[in-house]
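1. What shape does this take:
(chains A and B)
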Amino acid sequence: MSISIPELLTNDGFITAGDREAIEKHSIESGLSFIKIALTSGYISRKNYDRSLLNAGYAIIENPRGEAYDVDVLSKIDLNFAHDRLAMPLRIQNNKVVCLMASPDDGLFLDFIRFTYDMEAEVIVASDLDITWLSNKLLGDKYIKSAVFELMKRDPDNSAIVTFSTAQLIVIFVIIGMVTIGLVLSFKNTSIIINVIISSFFLVAIMFKLFLALVGSRFELHQAVTKDDLKQGNDDTLPIYTILLPVYKEDKLIKKLIWNLQSIDYPRHKLDIKLLIEEDDDKTFNAVKNLDFPAIFEVIVVPFHMPKTKPKACNYGLHFARGKYLTIYDAEDIPDTDQLKKVVSLFAKLPPDYICVQSALNYFNRNENFLTRMFTLEYSYWFDYMLPGLDTLDIPIPLGGTSNHFKLNELIELGAWDPFNVTEDADLGVRAYAKGYKIAIINSTTYEEANNEPFNWIRQRSRWIKGYMQTYLVHMRHPIELWKEIGWRGFMGFNFFIGATPVTFLVYPLMLTFFICYVVFDLSSIRTLFPDWVLFMSIFNLMVGNILMIYVNMIAVFKRRYYELILFAIANPIYWLMHSIAAYKGLYQLVTKPFYWEKTNHGLSKVNSPTNVVK
Amino acid sequence: MKVTGTLYLIILTLILVIYYLVCGIYLNKLGYYNHESLFYIEKSKIVFEGLGNRLKVMGLTAPMIPFYANFPFLFFKTLAPVIASATGTAVLFYIIASTIAKRLNDEGYIWLLLILFLFHPGIIYTAASGKSIYLILIFFFLFFLNLFKFYRSNTTFHVSIASICLVILIFCDYKFIWLTLFFLPLVLSITIHSLNLGEQESIFRLFLSFNSPSLRRKLINKTFALYIILFSLPMAAVLCYKLLNLTHASDLNYFAESPYATWNVLIDKLSFDQLTTNTNYKIPEISILLSARVVLFCPMILIAMYLFRESTYQVLTILIPFAFIEFLHIKYDKVFLAYQYYMIFLILAYLCVIFKAHTVKNHRSFKLLLLITIIFQLYFGWYYLRTSSIAEEQNFVKVLFNREPDDKQQDNMEVANYLNSLPTQSHVLVDDAIAYGIIAFTNDIKPIIMPYEGNFLSALESPDKYVDYVVVATAKNVVSGYTQLNNKYILSIRQTIPDVNFRKVFETNDWTVYRVITNGSGNTL
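-> Numbers count the residues shown, from 1 in each chain, chains lettered A, B, ... in the order given. Next comes the predicted model:
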């Protein structure tokens, strides 16, 4: 066949001459094949491309995964090259190298085969997705090993592969032993001491949160990047921006995802969007395959390897990232359209030690039910007040799950995400501070889908709380070193923010039980065990703690102008009980299966999200 | 030298602390005390040295924050409230001066403030009397400061801090809870102002907001949210405090109505007695004249209003304290308006000046005007204190300016000295509802049985079994009607327990100390 693929697509009317020119220009600049750009930058849908190939007389293999392959042949090609060209050799047959190719006329790849194997290629035309799947599966071994073990090898002290260090176990068992001995020797006094410590800790932890929220609220109108800053930017000078989209069984959200990504205000050829699909996730894979409109992302298939976690997928995707900056979004995320440009502008303004920018997260389905309202209140105070508060006080910021924007080189230098940590984002935030880097907060929001189903919520929250426990344990292996690295303020902040959060959730039901037994049921045994002053103190701590927490939640509505949610803050004590259930589940899992990733189901909301929220 | 620098402000503050301490200690040496400070000293003694249910005393003594503010200085015994108020007033100076330093690049305003803090009799009264006025003024200032900052910044931070200051203010003086009442219409006005409307005139903004459904909803939601942010903390705090009173004293208003919990119950009753028995009715305390009195006391408030003339809701904010004191006068009609309710205008007026001074074109003339006003205020500050209807305030001026020894607490001191001289194992029955002045001067309160202790009622019923001495209010004591331990008590015990008798062992005008004796043995216990 003499007609080239670009010509074929132009003739068929799927791309214009202008598109072709743009793709070719982009191809020269990036080293990516023409067809890769056409298929992953929104020029042509896969179905139309298949149509063109079939019309031109090409046969597309249905099941390339069943093709035989030779390990020796595969060993001569790098996965990156296979990705770029959407092609890979399989075996040698009849003195020819049998190759899978998405674009049968890719001269560069055919030359590579000739030079490498000293043979001609026998081309089997296959879908780019199948080639991606197969290439990652067959060639991705070293990358997946690196994704899992790199941090552990390079910086074992910062890896959560070991949940409890020996010293920590000794401390925990010594404390348990001392408490037991105390209870045996003097049950009453030991109970009093425990009660006083727990209730005081509860109050102090909440007061610290109030303090942070107040500090954060002081700058609620401060704009890190203004509209004028954005206007001064020039599209031509924008760097390549990688967006990682780790998904698992999110087939329902793929169309929405493309819609949201298309709305991002950033030059298309400078976007390097990677959809990270697990090897066994056929649902999402097929959903992408069946799309009948152009996709604007590249698919990366993450080969199977335990632990099956989001950070592992992100680490894997990192090997193929081309951007200067990198961010992560979830499938259902709706970022502000100008978010990437704002981040580029902010990075340009910040000193070089700022390696990450965190955007605010909020929910588009906030008015769906009680849970989504409470979740919105919580996220509003967390991202609008707490994190800016931490930022102002120069305390390590536990990054949010998505919309954190990194400088790619520094991220790699840090060791990227810990695949064994189930809140890898929070861990990375602390690790960045410990290495002397800083994190900034930006005035841009990504809208997510709030969990609207209680059991799904508890699953998600148990993972977060477990992750906080993991992060705390990892960074407290050497407390004195941590103190030296992040200073006393950072150290205290880390303890009260990361360490105290799970503890407050764990002690909350205990305190509530005391309160109910004492005040409601007037249980006499409680009075005999604890003197009045202890009960007074506990109840004071519990009540003041709850009132302050409700107040912090109430503050949250202001910045977002969600005034209608303000009264829901009163339900915070109930919402905290759900946290406590999740915390106990998280604690149990921390001991039994620390790396298990509790999957949150997305797409449950019946609320139609706006396509985008332009500020 | 640039006085706006932090270091210099600290130095000025320290000088003020010394100045106030000299005044306070001097007054103390002349024997000046007041009910409030004696009450705090007595309750602090119970908390730190007493036996029995001290938690109740610690938790329910009101106002709570001034009471706790004495704790760090208890080492100095009866001087503790004076040191607290001297330090606190100097801190108030520092807070105001640092606000000036941040907002105005002009030392003149700090010098004017210094004149006020050095010479205003009200400020000296605040600093040297040992009363809690300093805390009221500090948190009143901070509350309004943050409110004005909120008007400018529109951030949640300032309104939250204002709310926290209001909570503390209420726990410094419970009457400030009524301040919230007058903020109800103001918050609506603030919200209307904060809506993003083209119209500038408040009344038209209101008209626009009410006629558009979406704006109306927004207005209602925002107003409600502002109410909650501003008032939910004070309301919740008061509610919790009342519940605490209910659980520990079986009375929601114990902290405000029991003479064991707060000092002014008794003083207010005395004030009422004075009012009803006095033939000369106090003309100036008629409602409308009260505001006029305030204007005379602090004409600077007129300057403040003039400076804020362009913003209706900000002028309304300044008018709120006027409505507040008028309300207090109606609500507590049997009580004279205490000096601190005048002092708040002094602080508010200066705050407004700080806030708006930058809009003045001719600073020199403006500062001259302020100086004249301040001199005027100094005179009226002295005049109001001298002619005050409250005896304590008059007494302060008398002692300070005439340098005459004050013998108001002489009786209490003498009784206390007598109790101090008793053998250490002797137990004494005292009702601190009125006798807190005695307890404040005693060296050791352990042998004294008071109502906070579980065995007080038993000791009251059978003094022969529990105590060796009883301190009883004489008929001349103006508050003898507010305690069971008066002359009638002696008679009733003699009647109900024939074996018990009392021997007068010490007597002053207000108090009699009886030794409890049994007719059989002549000895107790």
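2. Up against chain B, what does the stretch 451-600 of chain A have?
-> With CB under 8 Å from any CB of the partner chain as the criterion, the stretch 451-600 of chain A meets chain B at residues A:519, A:532-533, A:536, A:543-544, A:547, A:550-551, A:554-555, A:557-559, A:561, A:563-564, A:566-567. C-betas here are computed from N, CA, C, even on glycine.
3. so does the longest helix anywhere in chain A get close to chain B?
-> The helix of greatest length in chain A, counted in residues with DSSP state H as the criterion, is given as helix A:187-218. Yes. Legend: contact between helix A:187-218 and chain B by CB under 8 Å from any CB is shown at A:214, A:215, A:217, A:218.
4. And residue 35, what's its pLDDT?
-> Chain wasn't specified; assuming chain A. As summarised for this prediction, residue A:35 has a pLDDT of 86.
5. nope, chain B please
-> Predicted confidence (pLDDT) at residue B:35: the value is 90.
6. Could you do the one 4 residues further on as well?
-> According to the model's per-residue confidence, residue B:39 sits at a pLDDT of 94.
7. Any idea how many residues pack against it?
-> Per other CB atoms under 10 Å in any protein chain shown, the neighbour tally for residue B:39 reads 26.
8. Hmm, it is touching residue B:263, no?
-> Yes. Taking contacts as CB atoms under 8 Å, residue B:39 lies within contact range of residue B:263: 3.6 Å.
9. and for these two, which residues touch both?
-> When contacts are counted by CB atoms under 8 Å, 6 or more residues apart in numbering or on different chains, the set common to residue B:39 and residue B:263 consists of residue B:436.
10. Now do the longest helix of chain A, average pLDDT.
-> Averaged over helix A:187-218, pLDDT sits at 86.
11. Just the buried residues of that helix, please?
-> Of the residues in helix A:187-218, A:190-192, A:195-196, A:198-199, A:201-203, A:205-210, A:212-218 count as buried by neighbour count, 16 or more other CB atoms under 10 Å in any protein chain shown.
12. so residue A:119 touches residue A:92, yeah?
-> Yes. Here residue A:119 reaches residue A:92: they are 6.8 Å apart, a contact under CB under 8 Å.
13. just to revisit the earlier point, so what secondary structure elements neighbour the longest helix of chain A?
-> Counting contacts by 3 or more CB pairs under 8 Å, 6 or more residues apart in numbering or on different chains; DSSP states H and E, helix A:187-218 is packed against helix A:166-185, helix A:387-393, helix A:500-515, helix A:532-560, helix B:156-172.
14. that's a strand at residue B:506, yeah?
-> Yes. With the criterion set as DSSP: H, G, I helix; E, B strand; the rest coil, the secondary structure at residue B:506 is a strand.
15. Pull up the residues of chain B that are close to chain A.
-> Remark: the part of chain B in contact with chain A comprises B:53, B:55, B:59, B:153-157, B:160-161, B:218, B:221-222, B:224-225, B:228-229, B:232-233, B:236-237, B:240, B:247, using CB under 8 Å from any CB.
16. shaky segments in the chain?
-> You didn't say which chain, so I picked chain A. In the predicted model, chain A carries pLDDT under 70 at residues A:1-2, A:602-615.
17. right idea, wrong chain: chain B
-> Applying pLDDT under 70 to chain B picks out residues B:1-4, B:198-200, B:202, B:274-288, B:519-525.
18. in the stretch 301-450 of chain A, which spans are helices?
-> Using DSSP state H, counting those that start in this stretch, the helices assigned to the stretch 301-450 of chain A run over residues A:310-318, A:339-349, A:370-381, A:387-393, A:408-414, A:424-434.
19. For these, could you give me a markdown table that also reports mean neighbour count and distance to chain B?
-> As requested, the helices of the stretch 301-450 of chain A are arranged in a markdown table below (neighbours: other CB atoms under 10 Å in any protein chain shown; distance: least, CB to the nearest CB, whole Å):
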| stretch | mean neighbour count | distance to chain B |
| --- | --- | --- |
| helix A:310-318 | 26 | 33 |
| helix A:339-349 | 21 | 21 |
| helix A:370-381 | 22 | 10 |
| helix A:387-393 | 22 | 10 |
| helix A:408-414 | 17 | 32 |
| helix A:424-434 | 25 | 24 |
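20. What about residue 516, how many residues nearby?
-> Using chain A here. Other residues within reach of residue A:516, judged by other CB under 10 Å, total 11.
21. my question was about chain B
-> Residues within reach of residue B:516, counting by other CB under 10 Å, total 25.
22. Identify all contacting residues around the host helix or strand of it.
-> With secondary structure defined by DSSP states H and E, residue B:516 is part of strand B:511-518. Contact with strand B:511-518 is made by B:411-412, B:415, B:418-419, B:428, B:435, B:438, B:463-464, B:467-474, B:477, B:490, B:499-507, B:523-524, as judged by CB under 8 Å, 6+ apart.
23. Looking at those, which are in strands?
-> Assigned to strands by DSSP state E, the following of the contacts of strand B:511-518 qualify: B:428, B:469-473, B:500-507.
24. I only care about those that end up buried; give me the ChimeraX line for that.
-> Selecting just the buried residues from the ones in strands among the contacts of strand B:511-518 in ChimeraX takes one command, with 16+ other CB under 10 Å as the test:
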select /B:428,469,470,471,472,473,500,501,502,506,507
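25. Send me stretch A:246-262 as CSV with only the CA atoms.
-> As requested, the backbone C-alpha atoms of stretch A:246-262 are provided in CSV (Å, rounded to 0.1, in the frame of the first residue of the first chain):
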residue,chain,number,x,y,z
PRO,A,246,-4.8,6.4,38.0
VAL,A,247,-8.1,4.5,37.6
TYR,A,248,-9.4,1.1,38.6
LYS,A,249,-12.8,-0.1,37.4
GLU,A,250,-13.9,3.4,36.5
ASP,A,251,-15.5,2.4,33.2
LYS,A,252,-18.6,4.6,33.9
LEU,A,253,-16.5,7.7,34.3
ILE,A,254,-14.3,7.6,31.3
LYS,A,255,-16.6,9.7,29.1
LYS,A,256,-16.9,12.3,31.9
LEU,A,257,-13.2,12.2,32.3
ILE,A,258,-12.5,13.1,28.7
TRP,A,259,-15.1,15.8,28.9
ASN,A,260,-13.4,17.3,31.9
LEU,A,261,-9.9,17.0,30.5
GLN,A,262,-10.9,18.7,27.3
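26. Contacts for that stretch, please.
-> Counting by CB under 8 Å, 6+ apart, the neighbours of stretch A:246-262 from elsewhere in the structure are A:42, A:243, A:245, A:273, A:275-278, A:281, A:283-284, A:286-288, A:291, A:293, A:295-297, A:310, A:313-314, A:317, A:328, A:330-335, A:599, A:602-603, A:609, A:611-612.
27. starting at the chain centroid, how far to that stretch?
-> Relative to its parent chain, stretch A:246-262 has a centroid offset of 15 Å by CA atoms, centre = their mean, to the nearest Å.
28. Quick check: closest non-adjacent residue to the residue in the stretch 301-450 of chain A that chain B sits nearest to.
-> Closest approach of the stretch 301-450 of chain A to chain B (CB to the nearest CB) occurs at residue A:385, with a separation of 7.8 Å. Using CB to CB, 6 or more residues apart in numbering or on different chains and skipping the chain neighbours, the partner closest in space to residue A:385 is residue A:216 (3.6 Å).
29. Residue B:167 versus the one you found, what's the distance?
-> Taken as CB to CB, to the nearest Å, the spacing of residue A:216 relative to residue B:167 amounts to 20 Å.
30. and residue 7, how many neighbours does it have?
-> Just going to use chain A. Per other CB under 10 Å, the neighbour tally for residue A:7 reads 12.
31. not what I meant, chain B
-> 9.
32. Outside of stretch B:113-123 itself, which residues are in contact with it?
-> The set of residues external to stretch B:113-123 that reach it, using CB under 8 Å, 6+ apart, is B:12, B:16, B:19, B:89, B:93, B:96-97, B:100, B:339, B:342-343, B:346, B:350, B:371, B:374, B:377-378, B:381-382, B:384-385, B:397, B:400.
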